[in-house]
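*Asks:* Quick one: sequence plus predicted model below, questions after.
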Amino acid sequence: MHHDIDQLRRFYYQRALGRVVQRILRDRLTGRWSAQSCAGMTVAGFGFAAPMLRPYLPHARRVTALMPGPQGVMGWPAGLPNHSVLCDETAWPIETGSIDRLVMLHGLETSDHPRELLAEAWRCLGPGGRMMVMVPNRAGLWAATDRTPFGFGRSYTTTQITMQIRRTGFQPEWQGSAIYIPPSDRRFWLRSAQFWERTGARISRVLIAGVILVEMSKQSRAPIGPGIKIHVPSPLEILDGVARPRPVRSPQSTGRLGRLPPA
């Protein structure tokens, strides 16, 4: 089941709970990738990652919000030139190896082809590029209700999402969790959300988070084993012809039939 762009937009931009979730996830992301550290980089998001990308607009060389076809697309950001693109989830209009930082939110858990989606992310990331995946926590309350976008699609445990991404070739770098408040619109939970985030980070074994975050890197390794040897000439070999020039025979002086008669 895919998300609907109108429902995602209403949740993150019109609903108070969605704005709190947006702020929590964005703070977790920028805590790992600050906007200043991404200066001059190409930053992209897939799914509905647009709310996470706004801090990078003034600093990154390019920011692109990739939105899958079954979900739909919206113009983003509001009041600025458009940075959003409608695309196939397994064929992005991105050059190979051109992305430095990639955020995936509401993309993997609803994908019809998760393995091919991760392979496409691998293709578009450059060597040393990093990807942050945010998925619903299977053990959390947010995956058990369909009143928020985190109740749709597949939910994961940390081990499951790490293994699935590792099979594509990514290297795990960091894992974390977020959203420790229940999926409620009550003012008490909304006002105390930051307190529960700080508390949950310290006692995560007691409090169950609603979202799992996993950061991966793309490490391109050189092939192992015997390869083709390349001979690099030394400076003496290069200058050998200059130091001892050899005469070039005339084409007319080669062969018996081409010899000139004696004078």
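*Replies:* Happy to help now that I have it. Residues are numbered from 1 along each chain as shown.
*Asks:* Run a quick neighbour tally on residue 79.
*Replies:* 5 (other Cβ atoms under 10 Å). C-beta coordinates here come from the backbone N, C-alpha and C atoms, glycine included.
*Asks:* what about the stretch 51-200 of the chain, any weak spots by pLDDT?
*Replies:* Along the stretch 51-200 of the chain, no part satisfies pLDDT under 70.
*Asks:* now the helices: where do they sit in it?
*Replies:* Listed in chain order, the helices of the stretch 51-200 of the chain (DSSP state H, counting those that start in this stretch) span 114-124, 158-167, 187-191, 193-202.
*Asks:* Name the stretch among the ones you listed that sits most buried.
*Replies:* Compared across the helices of the stretch 51-200 of the chain, helix 114-124 shows the largest average neighbour count, a mean of 19 (mean count of other Cβ atoms under 10 Å).
*Asks:* Distance from that helix to the middle of the chain?
*Replies:* 9 Å (Cα atoms, centre = their mean, to the nearest Å).
*Asks:* Over to stretch 72-81?
*Replies:* 20 Å.
*Asks:* Show the end-to-end separation of that stretch, please.
*Replies:* 19 Å (Cα to Cα, to the nearest Å).
*Asks:* Which parts of it count as buried, going by neighbours?
*Replies:* Neighbour counts over stretch 72-81 (16 or more other Cβ atoms under 10 Å) mark 72, 73, 74, 76, 77 as buried.
*Asks:* same question, stretch 12-24
*Replies:* Judged by neighbour count using 16+ other Cβ under 10 Å, the buried positions of stretch 12-24 are 12, 17, 18, 20, 21, 22, 24.
*Asks:* Please save the CA atoms from that stretch in CSV.
*Replies:* Written as CSV, here are the backbone C-alpha positions of stretch 12-24 (Å, rounded to 0.1, in the frame of the first residue of the first chain):
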residue,chain,number,x,y,z
TYR,A,12,3.3,17.1,8.1
TYR,A,13,2.2,20.6,7.3
GLN,A,14,-1.3,21.0,8.8
ARG,A,15,-1.6,18.6,11.7
ALA,A,16,0.1,19.6,15.0
LEU,A,17,1.4,16.1,15.6
GLY,A,18,2.9,15.9,12.2
ARG,A,19,4.8,19.2,12.7
VAL,A,20,6.2,17.8,15.9
VAL,A,21,7.3,14.7,14.1
GLN,A,22,8.8,16.7,11.4
ARG,A,23,10.9,18.7,13.8
ILE,A,24,12.1,15.7,15.7
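*Asks:* where exactly do the strands run in this protein?
*Replies:* Counting by DSSP state E, the segments of the chain that form strands are 42-47, 62-68, 84-87, 99-105, 125-136, 171-178, 211-217.
*Asks:* In this structure, spot the helix with the most residues.
*Replies:* helix 16-32 (DSSP state H).
*Asks:* ok, for residue 21, nearest residue in space, not its chain neighbours?
*Replies:* Excluding the flanking residues, the one nearest residue 21 by Cβ to Cβ, 6 or more residues apart in numbering is residue 179, at 6.1 Å.
*Asks:* and the gap between the one you found and residue 89?
*Replies:* Here residue 179 is placed at a distance of 24 Å from residue 89 (Cβ to Cβ, to the nearest Å).
*Asks:* more crowded one of the two?
*Replies:* Taking other Cβ under 10 Å, residue 179 and residue 89 do not tie; residue 179 has more neighbours (27 against 24).
*Asks:* Lovely, talk soon.
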